[in-house]
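Colleague: Could you work out the structure for the sequence below:
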Amino acid sequence: MGWRGFTPRLAAAAVCLSATAASAESLPDALVSAYQSNPQINATRAKQRATDEGVPQALAGYRPQIVGSLSAGLQAVRNLLPDNTIQTATLKPWTIGVTVTQNLFNGFKTSNSVRVAEFQVLSGREALRNTGQGVLLDAVTAYMNVIANQALLETQKSNVSFLRETLGIAKKRLDAGDVTPTDTAQAEARLNRGLADLNAAQIAYDVSRATYEQVIGKAPASLQPAQTVDRFVPRSRQETLDTAARENPAVLGAMYDVDVATTTISVAESSLLPQLNVQGSVSKSRQSDSTLGTFGTDQASVAGNLTVPLYDGGTAASQTRQAKETATQSRLVLEQVRNQARTAAISAWITSEGTKVALAAAESEVKAAGIALQGVRREAQGGQRTTLDVLNSQQDLTAARSRQILAQRDRVIASYTLLSAVGRLDVRTLGLNTPDYLPEVHYHQVRDAWHGLRTPDGK
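Modeller: The predicted model follows:
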């Protein structure tokens, strides 16, 4: 029994395995689902909306504070008259009033508090953008892992099928006396190894599907091939560094944090300065005792109040020193973040370039391993090669195919990672078919709100 007519059924190219149906899901579709429904990014959006409210809270310091008051009750009165008689009465006094207080000067605390709140909003937007990039990159990774693991699973299935047929051929040749029992044992051992590899591939595939559902928000169906985003990434290493320094959200957020910390020093120093406010009030009070000289009182007043702090036990001074140290810390953190962003950008650039070389090498290896397997099979038919030679050649081809699959996956992920490292992994750059979440919309809805308990979305 020879090797004539036997053809190995290996998987096709990794990224192309998943995909032909017209209804298949593409990578942009998966990114849209993640961008719209991922809990992590939605939680960060809610956090940013809460941060927006810090600005109207700070602006409230410019506005008057109005307080209404009302008091009423019963009052028992017992009067001792000059003739030693006693007079008793139950009174029902009440007072109603309104007080308006307007701050005129508080050591620039309000203006600086508004600046702090606005810088916090800007920092929060960069944190939101950073989270969005992370979610999209996680979605890309989850998508490519499903495609790669599915391709690896198909490759291992083809490998097991090849090994089963090889074992069958070896047994027939053993019966014919063409080979020894050693050939059969070798084929059986390779089959069992292939079954173990198939089981591991199945586990990895199932795990990647579960991760996909967690990140994307739904189970994967038929996934289309994915392309790189090389057209959006910088063309050189230096351009990568320059772009990351300008656009990386972690760097920009840290810069705004420095502004927050620096302005907070002025807020702390405001406690050392005079405070001036004006207060106006109107009130009306009534008594029900007809024996009193005054039955009721109506009052209106306007008064200015100037307070000058002389000594508060050192609290304000300590808070000022504390704010200065916090500002120093924020500057050091900014430098650290810049170094991290620079390293991440360089690493992403090098990795992306390296995946190009790795993929080209893997493709050449697969081509050469396929040719080698065909040659070994032909030589085995003529008795010049053993069963072990065929098994080794098949193992080489399977390993090469697996490396090609992983290289294809890494190539796509690396391009998206580079785009994230420079701060451009977003809906607008990718042209995704979904409205971009604009945090400034909510900010302008609440910034100048003077009242109201409902959020802009009606909650």
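
Colleague: Can you tell me the SS state at Ser285?
Modeller: The three-state label for Ser285, taken from DSSP: H, G, I helix; E, B strand; the rest coil, comes out as strand.

Colleague: can you tell me how far it sits from Phe295?
Modeller: Look at Ser285 and Phe295: by Cβ to Cβ, to the nearest Å, they are 10 Å apart. All C-beta atoms are positioned from the backbone trio N, CA, C, and that covers glycine.

Colleague: ditto for Ser113
Modeller: 47 Å.

Colleague: Give me the more crowded residue out of these two.
Modeller: Ser113 (23 against 11; other Cβ atoms under 10 Å).

Colleague: That one: which element?
Modeller: In this structure, Ser113 sits in helix 109-176 according to DSSP states H and E.

Colleague: could you point out which element follows that helix?
Modeller: By DSSP H and E, the next helix or strand past helix 109-176 is helix 181-216.

Colleague: Which residue ranges of this structure form helices?
Modeller: Counting by DSSP state H, the segments of the chain that form helices are 27-37, 39-52, 54-59, 109-176, 181-216, 237-247, 249-269, 315-381, 387-421, 427-430, 439-446.

Colleague: Single out the most deeply packed of these.
Modeller: Mean neighbour count (mean count of other Cβ atoms under 10 Å) peaks for helix 387-421 among the helices of the chain, with a mean of 23.

Colleague: Who are the packing partners of that one?
Modeller: Applying 3 or more Cβ pairs under 8 Å, 6 or more residues apart in numbering; DSSP states H and E, we find helix 387-421 packed against helix 109-176, helix 181-216, helix 237-247, helix 315-381.

Colleague: one more time with 10 Å
Modeller: The contact analysis (3 or more Cβ pairs under 10 Å, 6 or more residues apart in numbering; DSSP states H and E) places helix 387-421 against helix 27-37, helix 109-176, helix 181-216, helix 237-247, helix 315-381, helix 427-430.

Colleague: so it versus helix 181-216, what angle?
Modeller: 20 degrees (axes from the mean of the first three to the mean of the last three Cα atoms, to 10 degrees).

Colleague: Not including adjacent chain positions, what is the nearest residue to Gln319?
Modeller: Closest residue to Gln319 apart from its sequence neighbours, by Cβ to Cβ, 6 or more residues apart in numbering: Ala268 at 4.3 Å.

Colleague: cool, Glu118 as well?
Modeller: Val55 (5.9 Å).

Colleague: Can you verify my assumption that that neighbour contacts Asp448?
Modeller: Yes: in this structure, Val55 is within contact of Asp448 by Cβ atoms under 10 Å, at 9.0 Å.

Colleague: For the residue nearest to Thr166 when sequence neighbours are not counted, give me its contacts.
Modeller: Once flanking residues are discounted, Thr166 sits nearest to Ala187: 5.1 Å by Cβ to Cβ, 6+ apart. Listed by Cβ atoms under 10 Å, 6 or more residues apart in numbering, the contact set of Ala187 reads 163-171, 174, 179, 387-388, 390-391.

Colleague: Under the pLDDT cut-off, which ranges of this protein? List them.
Modeller: Along the chain, the model assigns pLDDT under 70 to residues 1-24, 288-294, 458.

Colleague: residue at max distance from the center of it?
Modeller: If you look at how far each residue of the chain sits from its centre, by Cα atoms, centre = their mean, the farthest one is Asp83, at 86.3 Å.

Colleague: Quick one: distance of stretch 39-49 to the chain centre.
Modeller: 9 Å (Cα atoms, centre = their mean, to the nearest Å).

Colleague: Over to stretch 191-208?
Modeller: In terms of Cα atoms, centre = their mean, the centre of stretch 191-208 is found 32 Å from the chain centre.

Colleague: how about the CA coordinates for it, as CSV?
Modeller: Provided in CSV are the C-alpha atoms of stretch 191-208 (Å, rounded to 0.1, in the frame of the first residue of the first chain):
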residue,chain,number,x,y,z
LEU,A,191,-1.9,10.7,16.6
ASN,A,192,-2.2,10.8,20.4
ARG,A,193,-0.1,13.9,20.6
GLY,A,194,-2.3,15.4,17.9
LEU,A,195,-5.4,14.6,19.9
ALA,A,196,-3.9,16.3,22.9
ASP,A,197,-3.1,19.4,20.8
LEU,A,198,-6.6,19.3,19.3
ASN,A,199,-8.1,19.3,22.9
ALA,A,200,-5.9,22.3,23.9
ALA,A,201,-6.9,24.2,20.7
GLN,A,202,-10.6,23.5,21.5
ILE,A,203,-10.1,24.9,25.0
ALA,A,204,-8.4,28.0,23.8
TYR,A,205,-11.1,28.6,21.2
ASP,A,206,-13.9,28.3,23.7
VAL,A,207,-12.1,30.6,26.2
SER,A,208,-11.6,33.2,23.4
